[in-house]
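**Q** test case, fold it:
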Amino acid sequence: MGLSENLSRISRRDLFRVAGTYGLSSTLLAAGTFGGAMSVGNLTRAAESTYEKRFAKEARHSLKFGAAGFNARNLLIERAGALEFARDLEARTDGEIRIEFIGDNQICGQLSCVEKTQQGIVDIYAASTQNSAGGAPYLNVLDYAFVFPGRAAQYHFLYHPKSGEILREPLEKRHGLKFLFSHCELRGIQLGLGWEDRPTVTRLEELFGTKNRVTGTQLGRIAMQALNLNPVPVAWEETLDGLKQGLIDGAETWASAVAYANMSPVVSQSVDLKFFCGTEHTSMSASVFDSLSGDLQDAVMESAYWAQAHVQAANEAALVKTVGFSDPQLPGTIFVENNVRPAFLDAAEVRKAEEMCSPEFQPQLWEEWRERLDGWAGGIDTYQAIYDIAREVDKEMLPENVEPRRWWKG
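**A** Numbering: from 1, shown residues only. Coordinates of the predicted model:
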């Protein structure tokens, strides 16, 4: 029995009752260690043991981790690595660093976590780079259309030593954020219930003229407009209602986001357009990182590396075994139980989309943003640099086979 089934057997009231005694972080960290059946009694005992271990000595640093809408249950659907990072960092530093994990939108949401970190209200945050691009516009650098041909290319880039000068250093310099690790998927169009009785989408043209929710990414809007997908800005928290009420035809996001956010009941088709990044990342305040001693900075980086490798393997497995984003689909997955059909477009259709909107084929659409991002990066041709790295791995490579590397060691 998996943790998601375990947690679903314990009511939110019971979970918060245990958390009221031992704190939410100790309770969630304890819940994440269960392999067998969980009851309120054994969760209480595990939370007490975790609490005693975590508070056995005074922490030198207590850091607030604002994890948007994530919790122990939905982090087993979209494997973004937030709790694993927190658990590993506390253990690795022998309690010198203690993490207060605050999810469920209690301290910040998808759009606001980045700003709360910049303001010093939280020290670490997890949210998508696309939603965070509103407060940290340099994150748009990941969102050039079709710069990544697949998930393997995304992971390869994040492990690459050059990701420092292309992504991490400009982000830190410009926005005060230290990019630690990220889950990797590619965005498609998640169609609402109006498409339930229609045949599975096979052609790009079938999507033309639909009205779709867009995130905070400015570059994502360029691609959507070029593809005639009518981007409508809708907050992530309001997307579910928008789809339910038919105010939008669909939403641009990725498969595991639909599953973790309980949007599957109002989505009928998950169209794998792969047109730009879906990266649920974790970043840290650069000033907080700089305030740590050298050994603790090393520990943060090692925990980030460990979390990145964990996410790479775990999310690939969850996409097939938990979400149901595969062909054929496995029984008992979230998509199967909610009648969500993955629509995997063939290579010719994806190529058609690429030729309509990517910087390679439509450079004029991207000139203004390219110039801006290149300037912020100190004159690097950001698109070309990412494009080249993304093609160092074979297009058909399985994402779980990408070699993990400590990107900061060159």
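
**Q** tell me where the stretch 1-150 of the chain has helices.
**A** Ranges of helices in the stretch 1-150 of the chain, per DSSP state H, counting those that start in this stretch, are 3-8, 12-22, 24-31, 40-54, 82-92, 113-118, 129-132.

**Q** which of those is buried the deepest?
**A** helix 129-132 (a mean of 27; mean count of other Cβ atoms under 10 Å). (Each C-beta comes from the backbone N, C-alpha and C, glycine too.)

**Q** helix or strand next in line after it, which one?
**A** Sequence-wise, the next helix or strand downstream of helix 129-132 (DSSP states H and E) is helix 151-159.

**Q** immediately after that following helix, which helix or strand?
**A** Under the assignment DSSP H and E, the closest C-terminal helix or strand after helix 151-159 is helix 163.

**Q** coming back round to it: between the helices of the stretch 1-150 of the chain, which gets nearest to Pro331?
**A** Pro331 lies closest to helix 3-8 among these, at 15.0 Å (Cβ to Cβ).

**Q** chain neighbours aside, what residue packs nearest to Gln154?
**A** Closest residue to Gln154 apart from its sequence neighbours, by Cβ to Cβ, 6 or more residues apart in numbering: Cys184 at 3.8 Å.

**Q** sorry, back to before: just put the helices of the stretch 1-150 of the chain in JSON lines and tack on distance to Thr200 and mean pLDDT.
**A** Listed next are the helices of the stretch 1-150 of the chain as JSON lines, based on distance: least, Cβ to Cβ, whole Å; pLDDT from 0 to 100:
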{"stretch": "helix 3-8", "distance to Thr200": "27", "mean pLDDT": "49"}
{"stretch": "helix 12-22", "distance to Thr200": "36", "mean pLDDT": "83"}
{"stretch": "helix 24-31", "distance to Thr200": "37", "mean pLDDT": "82"}
{"stretch": "helix 40-54", "distance to Thr200": "41", "mean pLDDT": "84"}
{"stretch": "helix 82-92", "distance to Thr200": "33", "mean pLDDT": "95"}
{"stretch": "helix 113-118", "distance to Thr200": "35", "mean pLDDT": "98"}
{"stretch": "helix 129-132", "distance to Thr200": "26", "mean pLDDT": "96"}
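
**Q** can you tell which of those helices is closest to Phe335?
**A** helix 3-8 (14.5 Å).

**Q** hang on, the earlier thing: isn't the residue nearest to Gln154 up against Leu158?
**A** Yes: at 7.2 Å, Cys184 counts as touching Leu158 under the criterion of Cβ atoms under 8 Å.

**Q** return the residues in contact with Leu191.
**A** Val201, Thr210, Asp249, Gly250, Val267, Ser268, Gln269, Ser270, Val271 (Cβ atoms under 8 Å, 6 or more residues apart in numbering).

**Q** tabulate these (JSON lines), appending neighbour count and distance to Leu24.
**A** Below are the contacts of Leu191 laid out as JSON lines (neighbours: other Cβ atoms under 10 Å; distance: Cβ to Cβ, whole Å):
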{"residue": "Val201", "neighbour count": "23", "distance to Leu24": "41"}
{"residue": "Thr210", "neighbour count": "19", "distance to Leu24": "40"}
{"residue": "Asp249", "neighbour count": "22", "distance to Leu24": "38"}
{"residue": "Gly250", "neighbour count": "26", "distance to Leu24": "34"}
{"residue": "Val267", "neighbour count": "27", "distance to Leu24": "30"}
{"residue": "Ser268", "neighbour count": "23", "distance to Leu24": "35"}
{"residue": "Gln269", "neighbour count": "23", "distance to Leu24": "36"}
{"residue": "Ser270", "neighbour count": "27", "distance to Leu24": "32"}
{"residue": "Val271", "neighbour count": "25", "distance to Leu24": "37"}
